[in-house]
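Engineer: My questions concern the predicted model and sequence given below.
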Amino acid sequence: MNLLRPEFVFAYSREMSRYVFEWQFIPVEVSTMSSLETSDQAAAAVAKAPRVSLKDIEAEIDCRYDFTAGKAIHATLKPETMPESLRVLSICILVMRNGFTVIGKSAPASADNYDMELGIQFAYEDAVRQLWPLMGYALREKLAGA
């Protein structure tokens, strides 16, 4: 699984003789997601038939992109002013092996409570939770056809 987080870097370009924003892709380590793992373990403990596990979902993820809405807007539109709420809106895009995409998001009620690591984790968990019923439906279709 290729996990890369795009970062916007302000750097001086000798070729253009000015400062520019550039993309830099940083490898991301998958952190422990206790709430997803807890749900998965609870479901596994009572399962008597095939089920979609967290491991099944993660195996289908081809790549992951994490960023804030503020960084994306600043790099693409360069707005003069931007609401603080966009600076703390974490977004996670998961691209599945079949090309399907899911977008997870997370934002605190107060910008003072924003933590980038937690925002990224919560956005990822939001995206995975969207995939669970979709993969459950696909499994049900497979079981019905068997």
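Structural biologist: Structure's in. What do you need? Numbering: from 1, shown residues only.
Engineer: Can you name every helix or strand that the lengthiest helix in the chain contacts?
Structural biologist: Determined from DSSP state H, the single longest helix within the chain is helix 116-145. If you count contacts as 3 or more Cβ pairs under 8 Å, 6 or more residues apart in numbering; DSSP states H and E, helix 116-145 packs onto helix 34-46, helix 54-60, strand 61-68, strand 90-96, strand 101-106. Bear in mind the C-beta positions are built from the backbone N, C-alpha and C, glycine included.
Engineer: Apply 6 Å and report the result again.
Structural biologist: With contacts taken as 3 or more Cβ pairs under 6 Å, 6 or more residues apart in numbering; DSSP states H and E, helix 116-145 sits against strand 90-96, strand 101-106.
Engineer: Report the rounded mean pLDDT for that helix.
Structural biologist: The average of the pLDDT scores along helix 116-145 is 95.
Engineer: quick one: that helix to chain centroid distance?
Structural biologist: With Cα atoms, centre = their mean, to the nearest Å as the basis, helix 116-145 stands 11 Å off its chain's centre.
Engineer: Of all the residues in it, which ones are buried?
Structural biologist: Buried positions in helix 116-145, judged by neighbour count with 16 or more other Cβ atoms under 10 Å: 119-128, 131-132, 135.
Engineer: Report the contact partners of the nearest residue to Tyr124 once chain neighbours are set aside.
Structural biologist: Closest residue in space to Tyr124, ignoring its immediate chain neighbours: Cys92 at 4.6 Å, by Cβ to Cβ, 6 or more residues apart in numbering. Counting by Cβ atoms under 6 Å, 6 or more residues apart in numbering, Cys92 touches Asp66, Gly104, Ala123, Tyr124, Ala127.
Engineer: That'll do, ta.
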